[in-house]
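[1] Provide a 3D model corresponding to the input given below.
(chains A and B)
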Protein chains: 2
Amino acid sequence: LSTNGGRRTPFLTIEIHPLLMYGRYTQELGVYAKEEAARLRDGGGLRRVTSVRSRSAELLEYEKDPCAKCHVCTSRCQKFLISRVGEDWIFLILLGLVMALVSWVMDYAIAFCQQAQKWMYGGLDSNMLLQYLAWVTYPVVLITFSAGFTQILSPQAVGSGIPEMKTILRGVVLKEYLTFKTFVAKVIGLTCALGSGMPLGKEGPFVHVASLCAALLSKFLAALFGGLYKNELRNTEMLSAACAVGVGCCFAAPIGGVLFSIEVTSTFFAVRNYWRGFFAATFSAFIFRVLAVWNQDEETITALFKTRFRLDFPFDLQELPAFAILGIACGFGGALFVYLNRLIVECMRKQKTINKFLLRKRLVYPAMVTLIISTLTFPPGFGQFMAGQLTQHESLVALLDNRTWCRQGVAEEFDYISHSHAWKHPQVNVFITLILFIVMKFWMSAVATTMPVPCGAFMPVFLIGAAFGRLVGETMAVMFPDGIHADGSVYPIVPGGYAVVGAAALSGAVTHTVSTAVIVFELTGQISHILPVMIAVILANAVAQSLQPSLYDSIIRIKKLPYLPELGMGHHEKYNIRVEDIMVRDVRYITLSSSYREVQEVLMTGQLKTLALVESTDSMILLGSIERSQLQSLLSLQLGPTRRLDHLRRHAQDNGTHTHTLGAHTHLDTMDSPPSPPCTHTHSYTSNSSNTSARHGVRFLVSVIAEWEEQQLDEPVDFNNCKIDPAPFQLVERTSLHKTHTIFSLLGLDHAYVTSTGRLVGVVSLRELRKAIEGSVTVTGVKVRPPLASFRDSGNTTSVSEVTELHKLWNRHRGLSLPREPTPPDMEDQLDLVFLCE
Amino acid sequence: LSTNGGRRTPFLTIEIHPLLMYGRYTQELGVYAKEEAARLRDGGGLRRVTSVRSRSAELLEYEKDPCAKCHVCTSRCQKFLISRVGEDWIFLILLGLVMALVSWVMDYAIAFCQQAQKWMYGGLDSNMLLQYLAWVTYPVVLITFSAGFTQILSPQAVGSGIPEMKTILRGVVLKEYLTFKTFVAKVIGLTCALGSGMPLGKEGPFVHVASLCAALLSKFLAALFGGLYKNELRNTEMLSAACAVGVGCCFAAPIGGVLFSIEVTSTFFAVRNYWRGFFAATFSAFIFRVLAVWNQDEETITALFKTRFRLDFPFDLQELPAFAILGIACGFGGALFVYLNRLIVECMRKQKTINKFLLRKRLVYPAMVTLIISTLTFPPGFGQFMAGQLTQHESLVALLDNRTWCRQGVAEEFDYISHSHAWKHPQVNVFITLILFIVMKFWMSAVATTMPVPCGAFMPVFLIGAAFGRLVGETMAVMFPDGIHADGSVYPIVPGGYAVVGAAALSGAVTHTVSTAVIVFELTGQISHILPVMIAVILANAVAQSLQPSLYDSIIRIKKLPYLPELGMGHHEKYNIRVEDIMVRDVRYITLSSSYREVQEVLMTGQLKTLALVESTDSMILLGSIERSQLQSLLSLQLGPTRRLDHLRRHAQDNGTHTHTLGAHTHLDTMDSPPSPPCTHTHSYTSNSSNTSARHGVRFLVSVIAEWEEQQLDEPVDFNNCKIDPAPFQLVERTSLHKTHTIFSLLGLDHAYVTSTGRLVGVVSLRELRKAIEGSVTVTGVKVRPPLASFRDSGNTTSVSEVTELHKLWNRHRGLSLPREPTPPDMEDQLDLVFLCE
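    Numbering: from 1, shown residues only, chains lettered A, B, ... in the order given. A predicted model of the protein is given here:
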């Protein structure tokens, strides 16, 4: 009776009661696979520090449902465009409105939190110790609460969210990432985390929050109006607009937001979706700023960090080398940041003792980090040398100031009310303060972003970049106190301009984007430094991209998310790899004449979401693919309660055993309605029925049903009520890895079948492709090399070997009179097919 | 002997001399097809006004080679990425440098031309008639020269160039568009056209010029260094960067240039190419502006049309409705412009007499248009009411001025030296001037852009938009002389801001882009009006997109370029169309056992660049595709001179006819070396050989060779020396039109084979797809509907019919005992195949 393939599920008792066996196919399999994988994971020591939240859930989520969002290959997407534009507008307006409100409320709450800390700190200035305790306790409590709250409510809310959104937009379903629970956890967790004053950013989380808004709004509207809002392809497009809204809201920068979100989340971007992002982001940024005006915070809609650089002669041509050097330095700095961030995570993973301790006490790590950082920034302590009392916002406003902080090497008197006075220390030069600020914030940000709270790294990096730019600018101002313009008029150097350039360059280097340039223009409200910014950002990108992956790609690797890495440049090997080298040859398939038993076996052993349907085992001609769920419903239909009841009735009529069937009827009737949790049902049933006659009846029924089931399983499958995708994506064995990668990226595929003249010979999924790319990228003579790739290295022979197989076929086809060379056994089938078909 | 399929080529005499028959396959076919098509075209009255340049050449160019650039499906693109980055940098720097120089020199020349006209006009102010003649003659001469020069040197240089670049980047080869001749014609033609002062733009042509630069630079570097620069895929990526450079150079707007070029030329954009455009455009814009600084034109690098709006309170929240209305009005205006432009072209095409006259006297049309326009703008005449004496640049500078032109309804005194005084007329209100300017320029621009000179429409539209914005702004200033801010402080309205908004909105509406917003920020050097600009641009786009195609798409339709139109929104029909409804069922194919004669016949009748290779006529299993040129070389190899000579030698040895073979040998030897123009060779040969004995020998040889050729043609083809693409793109019959469209757009396909369980059943090319989309878009009950689409309209049955065929197959497969329903004859083959394969 056990068709479970040797594996037993110890906590499910379904095997003792075959009456409910059909339930196994619909419910238990998923649970079983989940638990099994969780156990494997636990045993294999795969839990790490960043998996303070249980990663098994999220990892399994996409293994469970990896194909549902495939952009092109599902045939469901036929009607999704119909009359959607009208509803799109409404949706995007709603999304923009909601996001603007959310972000405004969050900003308000964060500002309140930070004000509360300042007030506490300020009120206790009589006692240094109390002051210190207040300064330190407040963020520790907030961060610990944030970490704990997120951990309990939804571990998926931890971190930036951009890597996950990138994966989701790639077509992989990470369902737990877009639930209401995650939304609540993210919003509250983020508010607390940012309110603590730690060097954390809100950009990444805002992207996630906006996507959550979009997903929930979609769900809500689908529940209200149905139809269109249920379409998954559409939801993906909306998510991509939502990412733009997230960035746009965060900085009130609609254009930069759209571009940044495209650069960060997409590989191939559909230009027809462009306007959606622009529209939603503009509307959102508009509302976000209007709220500020209504709240009397500002007079009218202006930039968030408005600068007032002079318009007439913003910079001299001869300053450009300095900007270029700043850009290159930022490139190195960005790469270093990404490396440092990854190093910290990997270090703690490797240290088993630390790892174990941190896993048990999950809140210790964030509390510890917060304690150290807030101690170091304590204003009367070390913080006085690094402007520790300023919030990120205040620091940035000060750094982008259009006035020069020091002239002729001596710090000038800061006579204005701005926050710049925090940078001035009676004993210490402004340069020392800036250098200390940069160095300390650099590692602090890298460490802080590894905490298990909702947080991003963009804003801290932006701030460090601004400080670095200010440092360079002040140095320039000292070196050329009267500017460097050769003519008579004096145009002194604007260090604030350098700060803008540095901020754009460093954040561009860390995220591998050029659109940070646009973000700074929108953020400062001035575009006068466009050339220096562009030059620095491009140079920073060039340097950083050649040294390290982007921060988001780095996190994707750390978290092992199912994202297809980019093909690196300049690697010879991967052009010699073909699909046949990486494909899985042992494909699970179903034939037209398969019995239900075979279907059951295939379902038990395979993992892929869809299964191939071939014509017959001999011909192996690929006819289409069937979703796993379709097969499961076929099976439950075949062994379902209605047919079961029918059989029992017929059986009863034949044998005339009345009492038994009566007992059975009652039980079967109770089973008829909701077959949802069959195992618990079984438990309760076996424990409650102490009555012997009923037990007799059941035993008899069990044997009857078991026999009937065996018989049913041997019947060939009836595909009439089954939806078959007649056009699964196909590749041939000779398709190069590069081409495969392009097609997978373009179409957002999860898997593709490999066919040879119509015959199914293998399957390639994202997993194989990722392995192949990562294997070939790191190859330097040591790493795995596909066995067949080696003999194709001598460039020119490629085109010859490409057609060898066809020529063989042709040679054989021409006439059997030619002496046949011995063929490998797996070639035989194909040849037979060819000859038979003539 | 004539296997030419009944068609005779009257001007080629190849048929009288079978000795050279093999040459027909390599050379003549192309020429023949070209001439044939040209004749058909001439006869069918397809020449139109815009085809003052001979369009047959360009139209045939892509028919000849439509697949060579297919982004993914060629298997050649395997090594293109290798170590390319280093060379990319150099290439992009060179491209930027060259384009900056070209555009700077052109700008200089244009300014000189315009100055010359002013000087002539100014010097003759004693005599009104002479002044008029000078004012009118100058542009007429320039435009006529431009039209004539372009016509003679390269008719491909006419027009904007963006539609063509869009088509080329789509993967279609329009080879004549990227030659040195075209470059010269475009640069000189454009300089003259713009120098004439007509309302023409340079943006589109600059995109074309930059692409020409990139293509020529590629060719040049390929000749110097070879290798990488020959890769076509790479060249496409470079072209896409070049488009960005073109726009970037034109406005010194790198970011806007990149975005605009993406929006205008791409459907799906590969984000990994993003940095290329940014880098090249930034470098180019930098050099372009540096040249101006070096030339002492400017002090430092600033925006091209720098504005000086106040930073503190650029606009009030309550002005936003006015901006929104401006945007919506611009949307209608943009749609009207596109409609008007198309109407003019179509009108002249329909009027047969005009059409014929204009075709004969090709320079009359541009001269006439120029005469009318310049007469109307003659400053002492009607031009005084519409600022006729200003160039486009001067007008734009005046319109973007930050001062208000009139207050309290009365025109103020213009006391400054700027060009604004041209707008002031002693008798006429500034409003009348503006309205006249807008109305006159509107139709003038629409007419002028239809002239057969290199010209774009962006800049004139931009100018009209600015004027319209200024009109609205001045109206607002009159209505609210003290601003509309409720608080105490007075912030008067800035009409210049409205001009910026109007310019962005109208140009965005005409081109269907949102990135014009970014362009205006870069152009004016101020980003303070970001929200009004974004709102207006988005609204204008929404209105314009729902009314008309973009100007470039409109031109693509007018020129009938092979571009795949976008799927419109909200059209139900196209989701019910399947590939099987539109595919060509009569596919040209070659089987593994084809004879050379069959190959020859297929080559003579088909037009597609590649031919399908199937296993056999019975099985029809698709094995791959072969390029036409490969087959042609196979044929010429089989019938080539070496084998021919061998045969003749053997023949001579057998028969011992010594004199004949001697004579033949000399002829064959002369033929051996370059078989390039075989027909002229034939001519000279037949005319020169008056010797009778030689003629006897030739006649004998002819018969021998003819016999041998016949024999050779009957042999089966040897595919050993033939490159076969083993993975041509496949679809199934049930693939929806929407899915097909997406795949074609994404992968840049030219055609795809339709297979049914491995069997070739049809082929879909761009042509069919375009027809289907255009057919279904315009369908309102009258237009053609695919015959099979109707019975699938009842929504829910779709999924059922989708699998019907498979179920049929399955039913038959289950057992022959079931009564077989009658099957259509073309189903029989498939069934046979299925049963045989078991």
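
[2] contact residues of the stretch 401-550 of chain A facing chain B?
    With CB under 8 Å from any CB of the partner chain as the criterion, the stretch 401-550 of chain A comes near chain B at residues A:485, A:487, A:514, A:517-518, A:521-522, A:525-528, A:530-531, A:534-535, A:538, A:541-542. Just so you know, the C-beta spots here come from the backbone N, C-alpha and C atoms, and that holds for glycine as well.

[3] in PyMOL, select just the buried ones from those residues.
    Entered in PyMOL, the line below selects the buried ones among these, by 16 or more other CB atoms under 10 Å in any protein chain shown:
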select buried, chain A and resi 485+514+517+518+521+522+525+526+527+528+530+531+534+535+538+541+542
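
[4] among the residues of the stretch 401-550 of chain A next to chain B, which ones are in helices?
    Under the assignment DSSP state H, these contribute A:517-518, A:521-522, A:530-531, A:534-535, A:538, A:541-542 to helices.

[5] now do the helix or strand where A:Ile705 lies: which elements does it pack against?
    Here A:Ile705, judged by DSSP states H and E, is contained in helix A:692-713. Helix A:692-713 sits against helix A:596-605, helix A:641-655, helix A:658-672, with contacts defined as 3 or more CB pairs under 8 Å, 6 or more residues apart in numbering or on different chains; DSSP states H and E.

[6] next, the angle helix A:596-605 makes with the next helix or strand after the first one.
    The one in question is helix A:596-605. Using DSSP H and E, the next helix or strand after helix A:596-605 towards the C-terminus is strand A:610-614. Between the axes of strand A:610-614 and helix A:596-605, defined by axes from the mean of the first three to the mean of the last three CA atoms, to 10 degrees, the angle is 140 degrees.

[7] so where does the residue nearest in space to the middle of chain A fall, helix or strand?
    Residue closest to the average C-alpha location in chain A (CA atoms, centre = their mean): A:Glu164, at 1.5 Å. Secondary structure assignment for A:Glu164, by DSSP H and E: helix A:162-169.

[8] elements contacting the helix or strand just after that helix?
    Next along the chain after helix A:162-169, taking DSSP H and E as the criterion, comes helix A:180-195. Applying 3+ CB pairs under 8 Å, 6+ apart, one finds that helix A:180-195 makes contact with helix A:84-123, helix A:128-153, helix A:203-225.

[9] now the longest one against helix A:203-225, angle please.
    So the one you mean is helix A:84-123. Interaxial angle of helix A:84-123 relative to helix A:203-225 (the same axes, to 10 degrees): 130 degrees.

[10] how far away from the center of its chain is helix A:84-123?
    Distance of helix A:84-123 from the chain centroid (CA atoms, centre = their mean, to the nearest Å) equals 23 Å.

[11] ditto for stretch A:329-341
    Remark: stretch A:329-341 is offset 22 Å from the chain centroid, using CA atoms, centre = their mean.

[12] touching chain B at all, that stretch?
    No. If you take CB under 8 Å from any CB as the test, stretch A:329-341 misses chain B, and the best it gets is 12.8 Å.

[13] right, and the helix or strand after the helix holding A:Ile705?
    Using DSSP H and E, the next helix or strand after helix A:692-713 towards the C-terminus is strand A:724-725.

[14] and for the nearest residue to A:Val717 once chain neighbours are set aside, the neighbour number?
    Among residues not flanking A:Val717 along the chain, A:Ser594 sits closest, at 5.3 Å (CB to CB, 6 or more residues apart in numbering or on different chains). A:Ser594: 21 surrounding residues under other CB atoms under 10 Å in any protein chain shown.

[15] got it, and A:Ile162?
    A:Ile162 sits with 31 neighbouring residues when counted by other CB under 10 Å.

[16] with the flanking residues excluded, which residue is spatially nearest to it?
    Using CB to CB, 6+ apart and skipping residues adjacent in sequence, the residue nearest A:Ile162 is A:Gly204, 4.6 Å away.

[17] and if you look at A:Ser745?
    A:Thr267 (4.6 Å).

[18] end-to-end on stretch A:710-724?
    Stretch A:710-724 has an end-to-end distance of 26 Å (criterion: CA to CA, to the nearest Å).

[19] again with stretch A:120-137
    End to end - CA to CA - stretch A:120-137 spans 11 Å.

[20] flag every buried residue along that stretch.
    Going by neighbour count (16+ other CB under 10 Å), the buried part of stretch A:120-137 is A:120-121, A:124, A:131-132, A:134-136.

[21] from the residues you listed, pick the one nearest chain B.
    Using CB to the nearest CB, A:Tyr121 comes nearest to chain B of the buried residues of stretch A:120-137, at 33.8 Å.

[22] ok, the closest one touching A:Leu133?
    No. In this structure, A:Tyr121 is not within contact of A:Leu133 by CB atoms under 8 Å, at 10.2 Å.

[23] tell me, how many residues neighbour A:Ile90?
    Burial of A:Ile90 is recorded as 10 neighbouring residues (other CB under 10 Å).

[24] same check, this time on A:Leu376
    Here the number of neighbours of A:Leu376 (other CB under 10 Å) works out to 14.

[25] so who does it touch?
    Neighbouring residues of A:Leu376 by CB atoms under 8 Å, 6 or more residues apart in numbering or on different chains: A:382-383, A:388, A:440, A:444.

[26] quick one on the thing from earlier: off-centre distance for the helix holding A:Ile705?
    Chain-centre distance of helix A:692-713: 49 Å, with CA atoms, centre = their mean.

[27] with stretch A:492-507 instead?
    Counting by CA atoms, centre = their mean, stretch A:492-507 is centred 32 Å from the centre of its parent chain.

[28] got it, and stretch A:347-361?
    24 Å.

[29] before we move on, what about stretch A:550-568?
    The chain centre lies 9 Å from the centre of stretch A:550-568; the measure is CA atoms, centre = their mean.

[30] quick one: mean pLDDT over that stretch.
    Rounded to a whole number, the mean pLDDT of stretch A:550-568 is 78.

[31] how many neighbours does A:Arg272 have?
    14.

[32] can you check A:Lys609 too?
    Each residue near A:Lys609 was counted by other CB under 10 Å, and the total is 20.

[33] check contacts around the closest residue to A:Asn402 other than its chain neighbours.
    Spatial nearest neighbour of A:Asn402, chain neighbours left out: A:Gly496 (4.6 Å); criterion: CB to CB, 6+ apart. A:Gly496 sits next to A:307, A:309, A:399-403, A:470, A:473 when contact means CB under 8 Å, 6+ apart.
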